[in-house]
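K.L.:
give me a model of this one.
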Amino acid sequence: MTNVSRIARGAAALTLAGFLAACAVLGNDFDVPDQSGLPPLADEPIPPAFTAFVESQWPAAEARGVSRATFDAAFRGVGPDSDVLTKATSQPEFSRAIWDYLDDMAAESRIATGRDMLVRHRTLLDSIEATYGVNREVVVAIWGMESSYGAILRDPTKVKNVVRALATLGWRGGSRAAYGRQQLNAVLRILEHHDVDARHMTGSWAGAMGQTQFIPTTYLGYAVDFDGDGKRNIWTSVPDALASTANYLRKSGWQPGATWGYEVVLPPGFDTSLAGRSATLADWTARGLARASGAAFPRPGDQATLLLPSGSGGPAFLTLRNFQAIKRYNNATSYALGVGHLADRLAGGGPFVTPWPRGYTPLDEAGRAELQQRLRAIGFPLEKIDGKVGPQTVAAIRAYEAQRGLAVTGNASLELLTLLRGG
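P.N.:
Numbers count the residues shown, from 1 in each chain. Presented below is the predicted three-dimensional model:
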């Protein structure tokens, strides 16, 4: 856990006091998600078996201090969600290459919006950075990746009622049932605290909640009331959502004043079997590794782990302690790399220096959107033209490639777009 010095804590208190005073004078000038069009609680008559399951959860809830009034209010009108069951029991049809994932996470629109958020919430981020010691760009990058800066909460096709989703998982979620019951119990304890009411507790089909997608047990352990209104509101309070994220990272071992890692260049003939090994940056430098930017490592004594996410043919990274703190938020290496890279882009950094071994020419966000538009124009079902290469876009590309007798790759490439432009 990161400790903040007495001086830093004093400065943080003064900064926070100034921030709260500004809120009192100017009002809460934050992006508040539209709460109209809340997700439904039930789609059809509620099966007696689901009702029986809900009632079976009362003893565990009561044992954790939940009142009967809170319990009954939480489940009033709630039925199972068949879409949640489909997602819980299905396997993804296509796995995404890491470069496709990172293209989406560091898309031009996400970078531009994130930089706007850094400016718009400068005073708030000053307070959060002073209080928790976590780089503002990292906090905003997580916000952007988890909910597109809160925009997802305004999309009725994306959000679920969390009580309904977790009750459905706990009821018939297969391998996820135990998780669903555990998180449902945590939800009831949150509701008992009156931070939010059950109707407005929205999130993902798996129960990740609010603007920075905390699962309920994480919320109980790390959510904070940063705007001082007595509630830990990660749904409509940007201060609470971002400060809760910073608090979680700090308590996950975030090292103030340090970065997450560096893109590096390997010397000719480098032994790539060293991937996953840790040594000091000075030791790695002695082995011939250098920052891709050409700059020197600022703290040669820092321990760093070599990461080669696509083998020897793509970008290489030396990751630091803060990379592991990000992985506490989401344990996927691609996610932590996405957060670190987006944070660097928000701070003014450029794209990766070493290209990924794609085997094709990639498109920028506008090119991917044009590709989607052209596929839809010739009859392929695409719900959204958003420049994001998700499963629906990959499926359309693969179907088009098969139709034309091409190698079926699913890649959103310049070569494919050129073919579509030619009719």
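
K.L.:
what segments of this structure are strands?
P.N.:
Taking DSSP state E, the strands of the chain run over residues 160-161, 202-203, 261-265, 278-280, 290-291, 303-307, 309-312, 316-319.

K.L.:
in terms of mean pLDDT, which of those ranks lowest?
P.N.:
Averaged per stretch, pLDDT over the strands of the chain is lowest on strand 309-312, reaching a mean of 91.

K.L.:
dump the C-alpha coordinates for it into CSV.
P.N.:
In CSV, the C-alpha atoms belonging to strand 309-312 read as follows (Å, rounded to 0.1, in the frame of the first residue of the first chain):
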residue,chain,number,x,y,z
PRO,A,309,3.1,-9.5,-26.0
SER,A,310,3.5,-10.6,-29.7
GLY,A,311,6.9,-12.3,-29.4
SER,A,312,10.1,-10.9,-30.9
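
K.L.:
helices or strands up against it?
P.N.:
Applying 3 or more Cβ pairs under 8 Å, 6 or more residues apart in numbering; DSSP states H and E, one finds that strand 309-312 contacts helix 98-105, helix 333-346. Yep, even glycine has a C-beta here, placed from its N, CA and C like the rest.

K.L.:
of all those helices, which one is nearest S310?
P.N.:
Closest approach to S310 among the helices and strands packed on strand 309-312 (Cβ to Cβ): helix 98-105, 6.4 Å.

K.L.:
contacts for that closest one next, please.
P.N.:
Contacts to helix 98-105, defined as Cβ atoms under 8 Å, 6 or more residues apart in numbering, come from residues 145, 309-310, 314, 334, 337-339, 341-342, 356, 358, 362, 365, 368, 388-389, 412.

K.L.:
buried sites along it?
P.N.:
98-105 (16 or more other Cβ atoms under 10 Å).

K.L.:
of these, closest to Q255?
P.N.:
For the buried residues of helix 98-105, the minimum distance to Q255 (Cβ to Cβ) is 22.9 Å, reached by M105.

K.L.:
not counting sequence-adjacent ones, nearest residue to that closest one?
P.N.:
Leaving out its chain neighbours, the residue that sits closest to M105 by Cβ to Cβ, 6 or more residues apart in numbering is G338, at 3.8 Å.

K.L.:
what sits against the one you found?
P.N.:
101-102, 105-106, 141, 145.

K.L.:
now do the end-to-end distance for stretch 305-313.
P.N.:
18 Å (Cα to Cα, to the nearest Å).

K.L.:
again, but for stretch 167-187
P.N.:
10 Å.

K.L.:
that stretch - what's its average pLDDT?
P.N.:
For stretch 167-187, mean pLDDT is 97.

K.L.:
how far away is D386 from G367?
P.N.:
From D386 across to G367, the span is 13 Å (Cβ to Cβ, to the nearest Å).

K.L.:
do A178 as well
P.N.:
Computed as Cβ to Cβ, the A178 to G367 distance reads 44 Å.

K.L.:
domains of this protein?
P.N.:
What automatic domain parsing lists as the domains of the chain is 1-251, 261-346, 365-421.

K.L.:
now tabulate those domains in a markdown table and tack on distance to F352.
P.N.:
Below are these laid out as a markdown table (distance: least, Cβ to Cβ, whole Å):
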| stretch | distance to F352 |
| --- | --- |
| domain 1-251 | 8 |
| domain 261-346 | 5 |
| domain 365-421 | 16 |
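
K.L.:
coming back round to it: which of the strands of the chain sits most buried?
P.N.:
Mean neighbour count (mean count of other Cβ atoms under 10 Å) peaks for strand 202-203 among those, with a mean of 26.

K.L.:
just give the number of residues close to the residue nearest to Q211 when sequence neighbours are not counted.
P.N.:
Counting by Cβ to Cβ, 6+ apart, the nearest residue to Q211 once its immediate chain neighbours are dropped is A241, at 4.0 Å. By other Cβ atoms under 10 Å, the residues close to A241 number 29.

K.L.:
got the contact list for the residue nearest to A107 when sequence neighbours are not counted?
P.N.:
Nearest non-adjacent residue to A107, counting by Cβ to Cβ, 6+ apart: E365, 4.5 Å away. Counting by Cβ under 8 Å, 6+ apart, E365 touches 103, 107-109, 387.

K.L.:
in helices, which of those fall?
P.N.:
Residues of the contacts of E365 located in helices (DSSP state H): 103, 108-109.

K.L.:
for these, which one is nearest T272?
P.N.:
Closest to T272 out of the ones in helices among the contacts of E365 is D103 (24.2 Å), distances taken as Cβ to Cβ.

K.L.:
from A332, how far out is that closest one?
P.N.:
In terms of Cβ to Cβ, D103 sits 16 Å off from A332.

K.L.:
report how many residues lie close to S95.
P.N.:
Neighbour tally, S95, other Cβ under 10 Å: 10.

K.L.:
for G387, see how far away it is.
P.N.:
Applying Cβ to Cβ, the value for S95 to G387 is 20 Å.

K.L.:
what do you get for S67?
P.N.:
To G387, S67 is 47 Å away according to Cβ to Cβ.

K.L.:
how far does stretch 382-391 stretch from one end to the other?
P.N.:
Start to finish, the residues bounding stretch 382-391 are 10 Å apart (Cα to Cα).

K.L.:
what does stretch 155-165 give?
P.N.:
So stretch 155-165: terminal residues 16 Å apart, Cα to Cα.

K.L.:
what do you get for stretch 224-232?
P.N.:
5 Å.

K.L.:
now do the contacts for the residue lying closest to Q213 once chain neighbours are set aside.
P.N.:
Nearest residue to Q213 in three dimensions, chain neighbours excluded: E146, at 4.2 Å (Cβ to Cβ, 6+ apart). With contacts defined as Cβ under 8 Å, 6+ apart, E146 is in contact with 208, 211-213.

K.L.:
look at E146 and report its pLDDT.
P.N.:
The model's pLDDT for E146 equals 97.
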